[in-house]
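Visitor: sequence below, structure please.
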Amino acid sequence: MVLSFPNYVPVDIIHTAGLAIGAIVLLVILFELVRWRGVLAPIAKASRLGAAKWCSVFVDTVASDVIYQQISTKCPDRKWVSHSLVFWGFLLLSASTALNYITNASGGPLPLTNPVRILGNLGGIMLIAGLAIVVYRISTDSDKREVTLGPDYLFIGLLLLAGLTGFLSEYVSEIDAVTWIYGVYLTHLLSSAALLLLAPFTRFIHAFGRPIIRLSERYIEALNQQGIVIPSELTVMPLLSERE
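Guide: Predicted coordinates:
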């Protein structure tokens, strides 16, 4: 018999906590957008390029910096792979969670062959594989360790804990391990909640902030090429550096 998670932690509590965390994160992001007004300024000015050019730059940025995850032209292959796996793994997990909320409001167990569960498991495998590469790079590259700070280790640790306890929760549920289910599942929920709450203060936000920076840089180039913005004006539009 497959164990049902709502029997141990009510779905209403999870949904309420999720909404509260989401509201907090949204407020922090809105505050960050105000701080990033220098980065956002070229994007606002870009409407002067005309619809065709504006769309061309936007689509190119989405294709190369979101879909392709081209973090930097100097980005080594292993870094590209790890970033892509973590980024897309997290997005697949988010999509799986959203679909489960919509199609399975009771939170009951789903068969392994259910598309929602397949999507979540695929995302989880990609996430953990990407994190394994990150951990390997940190352990073998002294330069990488020098630029990896305490908050980075916390972020990586929480991601690993959330991912591993997610799979472990599935396993103990499938084998009907009543003794383990509550502790494992609660650990998964708490680590996931902590990850989301801390997201705006860690490198997690760079997965979304970096494409915005790239978009701003490309609009600056286009505005400068067409003489819409003169070089002296660009100095009041500071962008984040590669190491930030």
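
Visitor: quick one: low-confidence parts of this structure?
Guide: By pLDDT under 70, the weakly predicted segments of the chain are 1-4, 6-8, 33, 69-79, 203-208, 229-244.

Visitor: how about the helices in it?
Guide: Secondary structure of the chain (DSSP state H): helices located at 11-35, 37-45, 51-62, 77-103, 115-140, 142-146, 150-174, 178-198, 206-225, 231-234.

Visitor: nearest to residue 109 among these would be which one?
Guide: helix 150-174 (6.5 Å; CB to CB). No exception for glycine: its C-beta is placed from N, CA and C like everyone else's.

Visitor: buried residues, that closest one. List them.
Guide: Neighbour-count burial for helix 150-174 flags 155-156, 158-170, 172-173 (criterion: 16 or more other CB atoms under 10 Å).

Visitor: that older thread, got a markdown table for the helices of the chain, with distance to residue 109 too?
Guide: Converted to a markdown table, the helices of the chain look like this (distance: least, CB to CB, whole Å):
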| stretch | distance to residue 109 |
| --- | --- |
| helix 11-35 | 13 |
| helix 37-45 | 44 |
| helix 51-62 | 37 |
| helix 77-103 | 11 |
| helix 115-140 | 9 |
| helix 142-146 | 40 |
| helix 150-174 | 6 |
| helix 178-198 | 11 |
| helix 206-225 | 31 |
| helix 231-234 | 56 |
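
Visitor: out of the ones you listed, the one nearest residue 5 is which?
Guide: helix 178-198 (5.7 Å).

Visitor: buried sites along that closest one?
Guide: 181, 184-185, 187-189, 191-196.

Visitor: ramachandran angles for the residue lying farthest from the centre of the chain?
Guide: Distance from the centre of the chain peaks at residue 227, with 36.2 Å (CA atoms, centre = their mean). According to degrees, to the nearest 10, the main-chain angles of residue 227 amount to phi 70, psi 20.

Visitor: now stretch 137-157: how far from the chain's centre is it?
Guide: 18 Å (CA atoms, centre = their mean, to the nearest Å).

Visitor: likewise stretch 27-39?
Guide: Worked out by CA atoms, centre = their mean, stretch 27-39 lies 17 Å from the chain centre.

Visitor: same deal with stretch 96-104?
Guide: 18 Å.

Visitor: please apply the same query to stretch 146-166.
Guide: On CA atoms, centre = their mean, the centre of stretch 146-166 falls 13 Å from the chain's centre.

Visitor: dump that stretch to CSV, restricted to CA.
Guide: Only the C-alpha atoms of stretch 146-166 are listed here, as CSV (Å, rounded to 0.1, in the frame of the first residue of the first chain):
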residue,chain,number,x,y,z
GLU,A,146,37.8,30.9,-3.4
VAL,A,147,34.7,32.5,-5.0
THR,A,148,32.2,30.2,-3.4
LEU,A,149,31.0,31.8,-0.2
GLY,A,150,29.0,30.7,2.8
PRO,A,151,25.6,31.6,1.3
ASP,A,152,26.5,29.6,-1.8
TYR,A,153,27.3,26.5,0.2
LEU,A,154,24.0,26.9,2.1
PHE,A,155,22.1,27.3,-1.2
ILE,A,156,23.7,24.2,-2.7
GLY,A,157,23.1,22.2,0.5
LEU,A,158,19.5,23.1,0.6
LEU,A,159,19.0,22.2,-3.0
LEU,A,160,20.6,18.9,-2.5
LEU,A,161,18.7,18.2,0.7
ALA,A,162,15.3,19.1,-1.0
GLY,A,163,16.1,17.0,-4.0
LEU,A,164,17.3,13.9,-2.2
THR,A,165,14.6,14.0,0.4
GLY,A,166,12.0,14.3,-2.4
